[in-house]
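[1] Build me a structure from this.
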Amino acid sequence: VVRISGDTAIEVAEKVFKAADGTPLSEISGYTAKFGNVFADGESFDNAIALVFRNPKSYTGEDVVELSVHGGIFIVEKTLEAVFNAGAKPAEAGEFTKRAFLNGKIDLAQAEGIASLISAQGQEAAKASYNLLQGSLSNKISAVLEKLIDCSALMAAWVDYPDEEIPELQEDTLRETLENASADLSLLIKNYENGSAITEGVDTAIVGKPNAGKSTLMNMLSGKEKSIVTHIKGTTRDIVENSVRLGNMVLHLSDTAGIRESNDIVEAIGIQKAIEKLDSTSLVLAVFDGSEPLNADDELLIKNCNGKSCIAIINKSDLEQKINIDIIRNNFDKAICI
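    The predicted structure follows:
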């Protein structure tokens with residue numbers, strides 16, 4: 001679909017499209033489709049359907065013509081070339097939505113919802129973005145704003161027209177209105193992190209001491225060999241990243257270097273990166289080797305995870321378990337054996 005929007009959209013479209021029944025696009029009403037052909041240099045090169053929208057009843061609020069052509073790269077490029085030669089200019093990224101916003105067809109929250117919907121990587125993300133597009137956030141904010149404006153108007157009228165019999169705004173009523181508005185807005189802000197996790201995905205760090213099984217976990221979740229796995233400790237020295245969808249959620253995974261004391265310069269840099277990633281990420285998967293007792297490296301990891309959103313993963317459950325699980329459960333809200 002090649003979309004043309006603006007004051008001369010119909011004029012431009014008429015130069016590249018001719019309806020099969022000979023009706024000029026300028027003579028048809030909005031929400032009308034015509035079958036015909038697209039032309040370049042006087043020769044037709046594809047069948048097409050032209051759909052006309054008249055302002056202000058269009059996505060952008062302007063005159064719009066959408067040309068539906070066959071989807072081959074050559075045909076689309078030739079159609080675009082013909083439209084540009086007829087006087088149109090290429091749209092910038094998001095320009096149609098920008099015009100819809102500037103023309104009052106959508107508000108800023110809905111515009112952001114469209115961007116989120118386009119980039120949604122999961123069902124929940126798409127659902128949340130669609131609700132935003134439908135005005136869920138805008139309606140909640142508007143409801144708060146309306147109550148505040150009513151209070152403001154009543155105060156202004158009472159102050160400006162003292163001789164009129166305007167009822168005085170009671171302090172209790174004003175306080176209740178402001179407290180309710182504050183509570184409603186605070187709840188929206190509080191829920192932002194959950195909403196962001198759904199629409200944008202969750203930054204997730206896989207951390208643990210060397211050879212605990214971090215890279216194996218990364219590869220299992222990714223469904224492919226993203227990280228090198230060997231029996232040699234310290235194989236991973238840089239951060240390996242991949243995005244995966246688990247159910248309706250997207251995790252942006254980072255497989256990090258094993259956290260331990262090291263005199264190796266290169267490994268030490270990787271360990272520092274791992275600690276920085278642990279501090280900045282939204283979710284931590286802390287991997288422990290269940291076949292070994294907890295050591296100083298594990299204790300360092302537990303300390304660094306304190307106060308973070310963490311899931312403890314006790315790995316190698318197929319081997320004899322020597323780890324003190326009680327210590328893990330006392331330091332993490334959630335612990336999983338794999």
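[2] Could you export stretch 2-21 as CSV, CA atoms only?
    C-alpha atoms of stretch 2-21 as CSV (Å, rounded to 0.1, in the frame of the first residue of the first chain):
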residue,chain,number,x,y,z
VAL,A,2,1.4,3.4,-1.0
ARG,A,3,-0.3,6.1,1.0
ILE,A,4,-0.4,9.7,-0.2
SER,A,5,-1.6,12.4,2.2
GLY,A,6,-1.9,16.2,2.0
ASP,A,7,-3.8,19.0,0.2
THR,A,8,-2.8,17.8,-3.2
ALA,A,9,-3.0,14.0,-2.5
ILE,A,10,-5.9,13.4,-4.9
GLU,A,11,-4.3,15.6,-7.6
VAL,A,12,-1.0,13.6,-7.3
ALA,A,13,-2.8,10.2,-7.4
GLU,A,14,-4.7,11.2,-10.5
LYS,A,15,-1.4,11.6,-12.4
VAL,A,16,-0.4,8.0,-11.7
PHE,A,17,-3.8,6.1,-11.5
LYS,A,18,-6.7,5.7,-13.9
ALA,A,19,-9.9,4.0,-12.9
ALA,A,20,-11.1,1.2,-15.2
ASP,A,21,-14.5,2.9,-15.5
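[3] And it, what's buried?
    2-6, 9-14, 16-19 (16 or more other Cβ atoms under 10 Å). In short, each C-beta sits where N, CA and C put it, glycine included.
[4] Among these, which ones are in helices?
    9-14, 16 (DSSP state H).
[5] all strands of the chain, in order?
    2-5, 17-19, 32-40, 43-53, 64-68, 202-208, 240-246, 249-255, 283-289, 310-315, 335-337 (DSSP state E).
[6] Measure how the longest one sits relative to strand 64-68, angle-wise.
    Meaning strand 43-53. 130 degrees (axes from the mean of the first three to the mean of the last three Cα atoms, to 10 degrees).
[7] before we move on, the earlier item: from the ones in helices among the buried residues of stretch 2-21, which is closest to residue 188?
    Lowest distance from residue 188 to these (Cβ to Cβ) belongs to residue 9, with 37.9 Å.
[8] nearest residue to that closest one other than its sequence neighbours?
    Spatially, and ignoring its direct neighbours in sequence, residue 9 is nearest to residue 63 (4.5 Å; Cβ to Cβ, 6 or more residues apart in numbering).
[9] Give me the pLDDT value at the one you found.
    At residue 63, the model reports a pLDDT of 97.
[10] Next, find the distance separating it from residue 22.
    Separation of residue 63 from residue 22 (Cβ to Cβ, to the nearest Å): 21 Å.
[11] Tabulate the ones in helices among the buried residues of stretch 2-21 (a markdown table), appending pLDDT.
    Shown next, in a markdown table, are those (pLDDT from 0 to 100):
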| residue | pLDDT |
| --- | --- |
| 9 | 97 |
| 10 | 97 |
| 11 | 96 |
| 12 | 97 |
| 13 | 97 |
| 14 | 96 |
| 16 | 96 |
